[in-house]
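**Q** Following is a predicted model, sequence given first.
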Amino acid sequence: MKKAKQEDEGNNSRISDLPKDILHRILYFLSQEDAVRTSLLSKSWRYVWCTRPNLDFSDNNFKGNKNNFLSVVDKTLQLYRDQNLCLEEFHLSISLTYYWDCTSVPFLDKWIPLLATMGVKEFRLSVVSNHGSRMTRNLPSVVYKAESLNLLRLERCNLVQNIPEKIPFVRLQVLRLQTVSIEQEIFDKIISSCPLLTDMWFQECKGLTTIKLETKLHKHLKHFTFISNDRYIEEKRCIEIDIPTLETIKINGSKIRVNIRKFGNLKSLTLKRVEFYSNNSIEQSHQLLIDDAPNMEYFYYSGCFIPSISSAPNCRESYFKLFIWDDDDDVEDSQSWFPRLSKLLQALRHSEISLNIFHHSVENIPHVRHDVINGGDNNKPVAMEHLRLSSDHVRSLMPLLNGLFCICRPRNVDPKWLEVGPEYKESERKELSEFWFEIQEMRESGNREIWQEDLEDLNIESFDSSRKKWQPFLHATRLSEESAFFPDFGRMRLRLKWRESL
């Protein structure tokens, strides 16, 4: 026991004898909290953390009296400055509260101008205004003068006042604005002052209407995210994309105009609740015209219209959530909807595809000829793992399935009804039973659609909650009987086996 203790002390002594720059390199990869803990290792380690070249302070992680947080940060920075210590990276996450502004704002006023003189190469600042849901805290004007900023994250702040004539964000690479209030003119001014931006993230930004991503201003931009969960898309809000080097695009709740056709570096594309506009018109378009995305690996789309992608040969995962509405003003009927979907699936046929269709207010889908569904092409149907159908009219599911099976070959079909529950009317519950009975007859009858020539086997499965797995449904013969027996339709699916030549 004594010998083991002596060996541990010897190992610790050898580490402590390492040059200080190596010790700093070790601490560089630790969090601020873990770096401070190393002061307990030995006397020689007591102050090493105070001189490492990177500091990371967050009031959320500060233990003890929060009023002492800025005092600790202030004393630490003063030590670095007085001893002329190397400080390459400084990360600060700070909350602005009504009671704390008297200390936090003077702190920022003091240290932000000094960081540049201390040789800080990477300055990351996160400012969160904790005034509840009201955005009443103006961002301190000194933040706009931080020349060494690499990352700026602002949450629940106002960016409408105290804006200097010149914003020297010449090093800024990451800009994240969440729940901020900003005027369009000020936003344009900030964006045009950041030539090295690689990441943009904007979420629930009030007053922001137009975002133009242009190569001449943002040639280094790789990642772009815009999120708005407003119920309706603002009429004036539009995002124009003219940067072919983007690697990730995530847009939720906006109009989009795409001015280029080829995205050579694009790896991930996520679009939710978007409206597409053509290059030279303000008229709404039903397509996202991307001719070529050779390196795209992930594509998620949710909307009422089917986008168009000509080629994405390396896409590994695709998820679509499509909505079908039967309004008189809706231009995309079954004659065009199926061919559009077929073309999209063909472009992504090498991907693992999941298709989720929400079917609203359609009682009858007319029969569409096979050649119309495929757009006159002889392309093979696309194999996919999951097809989920949600409908408020059970009778429309069979013709919808017939159309879909002409263009895709799902291994699992998961039908859902939008209002299944204890309050469901008896007659509608019987309709559900009849649907499942019709599926059962489909497997056994001789009345076959064209696609059924490729169907080798079809089974109805139910989910066994006790065993946590799917198993063949044993009560299929009772589905249409007028009895008190009704299965849990929310836990049933179709399992299909298609010819392997597909």
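**A** It's in.

**Q** Which residues does stretch 344-353 contact?
**A** Taking contacts as Cβ atoms under 8 Å, 6 or more residues apart in numbering, the residues outside stretch 344-353 that touch it are 299, 306-320, 377, 379, 382-385, 407-408. C-betas here are computed from N, CA, C, even on glycine.

**Q** now with 6 Å?
**A** By Cβ atoms under 6 Å, 6 or more residues apart in numbering, the list of residues contacting stretch 344-353 from outside reads 306, 309, 310, 312, 315, 316, 317, 318, 379, 382, 384, 408.

**Q** ok, the nearest residue to the third one once chain neighbours are set aside - contacts?
**A** In space, residue 310 comes closest to residue 291 once its chain neighbours are excluded; the distance is 4.7 Å by Cβ to Cβ, 6 or more residues apart in numbering. Each residue near residue 291 by Cβ under 6 Å, 6+ apart is listed here: 261, 262, 310.

**Q** Export the contacts of stretch 344-353 as TSV, with columns for pLDDT, neighbour count and secondary structure.
**A** Formatted as TSV, the entries for the contacts of stretch 344-353 read as follows, by pLDDT from 0 to 100; neighbours: other Cβ atoms under 10 Å; DSSP: H, G, I helix; E, B strand; the rest coil:
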residue	pLDDT	neighbour count	secondary structure
306	84	22	coil
309	84	24	strand
310	81	15	coil
312	82	25	coil
315	88	25	coil
316	88	13	coil
317	89	14	strand
318	90	26	strand
379	78	13	coil
382	91	22	strand
384	91	21	strand
408	90	21	strand
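
**Q** Let me know the closest of those to residue 277.
**A** residue 306 (15.9 Å; Cβ to Cβ).

**Q** and that closest one, how far is that from residue 340?
**A** Relative to residue 340, residue 306 is positioned 4 Å away (criterion: Cβ to Cβ, to the nearest Å).

**Q** Turn the contacts of stretch 344-353 into a markdown table, including distance to residue 72.
**A** Below are the contacts of stretch 344-353 laid out as a markdown table (distance: Cβ to Cβ, whole Å):
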| residue | distance to residue 72 |
| --- | --- |
| 306 | 56 |
| 309 | 52 |
| 310 | 57 |
| 312 | 51 |
| 315 | 49 |
| 316 | 47 |
| 317 | 45 |
| 318 | 49 |
| 379 | 65 |
| 382 | 59 |
| 384 | 56 |
| 408 | 60 |
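
**Q** closest to residue 128 among the residues you listed?
**A** After measuring these against residue 128 - Cβ to Cβ - the closest member comes out as residue 317, at 33.6 Å.

**Q** need the contact list for that closest one.
**A** By Cβ under 6 Å, 6+ apart, the contact set of residue 317 is 298, 352.

**Q** how close does it get to residue 270?
**A** 11 Å.

**Q** just residue 176 next, same as before
**A** From residue 176 to residue 270 the distance is 17 Å (Cβ to Cβ).

**Q** what's the answer for residue 149, then?
**A** Applying Cβ to Cβ, the value for residue 149 to residue 270 is 28 Å.

**Q** So if I had to pick from those two, which one is more boxed in?
**A** Residue environment comparison for residue 149 versus residue 270 gives the larger neighbour count to residue 149, 26 against 17, counting by other Cβ atoms under 10 Å.

**Q** what's across from the more buried one in the sheet?
**A** Residues in a beta bridge with residue 149, per DSSP bridges, are residue 123.

**Q** Name the nearest residue to residue 415, sequence neighbours excluded.
**A** Distances taken as Cβ to Cβ, 6+ apart put residue 389 closest to residue 415, at 4.9 Å, once the chain neighbours are dropped.

**Q** Which pLDDT value goes with that neighbour?
**A** In the predicted model, residue 389 carries a pLDDT score of 83.

**Q** can you check residue 485 too?
**A** Residue 485 is assigned a pLDDT of 47 by the prediction.

**Q** Check residue 470 too.
**A** At residue 470 the predicted local confidence, pLDDT, stands at 87.

**Q** Identify each buried residue in the helix or strand hosting it, please.
**A** Following DSSP states H and E, one finds residue 470 within strand 469-472. Buried residues in strand 469-472, counting neighbours by 16 or more other Cβ atoms under 10 Å, are found at residue 470.

**Q** The chain should start at 285 in everything you say after this.
**A** Right, with 285 as the first residue, what we last looked at is strand 753-756.

**Q** Following the chain past it, name the next helix or strand.
**A** Counting by DSSP H and E, the element after strand 753-756 in chain order, helix or strand, is strand 776-782.

**Q** Endpoints of stretch 558-575, how far apart?
**A** 19 Å (Cα to Cα, to the nearest Å).
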